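> Following is a predicted model, sequence given first.
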Amino acid sequence: MTAEPRVLVIDDEPQILRALRTILTEKRFRVTTASRGEEGLTLAAANPPDVVILDLGLPDMDGIEVCARLREWTQTPIIVLSVRDNERDKVAALDRGADDYLTKPFGIEELLARVRVALRHSTQAQGSKQAVVTAGPLMIDLAGHVVSRDGVEVKLTATEFKLLAYLAGNAGRVLTHRSILSHVWGPAEADQVQYLRVYVRQLRKKLEASPAQPRYLLTEPGVGYRFVVEE
């Protein structure tokens, strides 16, 4: 990763572009901006960024299409910003390649935290896959298929471990119900959301100190789940 990570902001609101350029530059990011989808795609190809911040409501094309076009050739993290807060748009953006989603108006500290997570995930993807994920008292050995809490091994079924490994291996990212079900159970089970909820509930009972108020395995309402590694 470069000393000053490159951020490409694609948004048609001038005030948003100005604010993000100022704030991100102060935080030692190199910022490029575009106000149209095609312009953003051209800039991304000419000077590949380390992370893309993308609005869905662009004047020349839908941001979801920009996600799909970017995913044809790059795995650069994409964080979507949008006034659209309905579940269908969130799921569509994530299923077409976005890594995260924030609804406008958003807090700048939250955005910066999401950017840091995206950059960390990108660095891991470019190098060797992280073999051990730690989150508070949890230790998840992805290669050894061992999970412990406060140093004590936690017994998981094969399916529970596969689910946890997928979530922890993508720590910080929002994973949709469909993507999780397809990965863990296969495409034929992609619509069995209630089945997934049962397994998530079982994992929380085994891993969380307070399953009703989870700290690590979080629900994104109507969308999916996110595994959080506390900084």
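Okay, I see it.

> now stretch 200-211: mean pLDDT?
Averaged across stretch 200-211, pLDDT comes to 96.

> hmm, who's touching that stretch?
138, 147, 149, 154-156, 160, 163-164, 214-217, 219, 225 (CB atoms under 8 Å, 6 or more residues apart in numbering). Backbone N, C-alpha and C define where each C-beta goes, glycine included.

> Kindly export it (C-alpha atoms) in CSV.
Taking C-alpha atoms only, stretch 200-211 is exported to CSV below (Å, rounded to 0.1, in the frame of the first residue of the first chain):
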residue,chain,number,x,y,z
VAL,A,200,-26.0,-17.1,13.0
ARG,A,201,-27.9,-17.3,16.2
GLN,A,202,-26.1,-20.6,17.0
LEU,A,203,-22.7,-18.9,16.4
ARG,A,204,-23.6,-15.9,18.6
LYS,A,205,-24.5,-18.2,21.4
LYS,A,206,-21.1,-19.9,21.2
LEU,A,207,-18.9,-16.8,20.5
GLU,A,208,-20.5,-13.7,21.9
ALA,A,209,-20.5,-12.7,25.6
SER,A,210,-24.0,-11.3,25.1
PRO,A,211,-25.6,-13.0,22.0
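
> Can you mark which positions in that stretch are buried?
Residues of stretch 200-211 classed as buried: Val200, Gln202, Leu203, Arg204, Leu207, Glu208 (neighbour count, 16 or more other CB atoms under 10 Å).

> if I look at the second one, how far off is Phe161?
So that's Gln202. From Gln202 over to Phe161 the distance is 11 Å, taken as CB to CB, to the nearest Å.

> picking that back up, I'd like the buried residues of stretch 200-211 as CSV, with secondary structure and distance to Ser35 appended.
Shown next, in CSV, are the buried residues of stretch 200-211 (DSSP: H, G, I helix; E, B strand; the rest coil; distance: CB to CB, whole Å):
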residue, secondary structure, distance to Ser35
Val200, helix, 40
Gln202, helix, 47
Leu203, helix, 43
Arg204, helix, 43
Leu207, helix, 44
Glu208, coil, 43
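
> Take those residues and write them to a markdown table, including distance to Arg120.
A markdown table is the format used below for the buried residues of stretch 200-211 (distance: CB to CB, whole Å):
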| residue | distance to Arg120 |
| --- | --- |
| Val200 | 24 |
| Gln202 | 28 |
| Leu203 | 23 |
| Arg204 | 24 |
| Leu207 | 21 |
| Glu208 | 23 |
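
> Can you name the residues in contact with the lowest-mean-pLDDT helix or strand in the chain?
Scoring the helices and strands of the chain by mean pLDDT, DSSP states H and E places helix 108-126 at the bottom, with a mean of 81. Residues from elsewhere that reach helix 108-126 (CB under 8 Å, 6+ apart): 1, 5, 7, 23-24, 27, 29, 50-51, 53, 75-77, 79, 81, 99-100, 102, 130, 170-173, 231.

> Those, buried ones only, as a ChimeraX selection?
Per 16+ other CB under 10 Å, the buried members of the contacts of helix 108-126 correspond to this ChimeraX selection:
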select :5,7,24,29,50,51,53,76,77,79,81,99,100,130,170,171,172,173
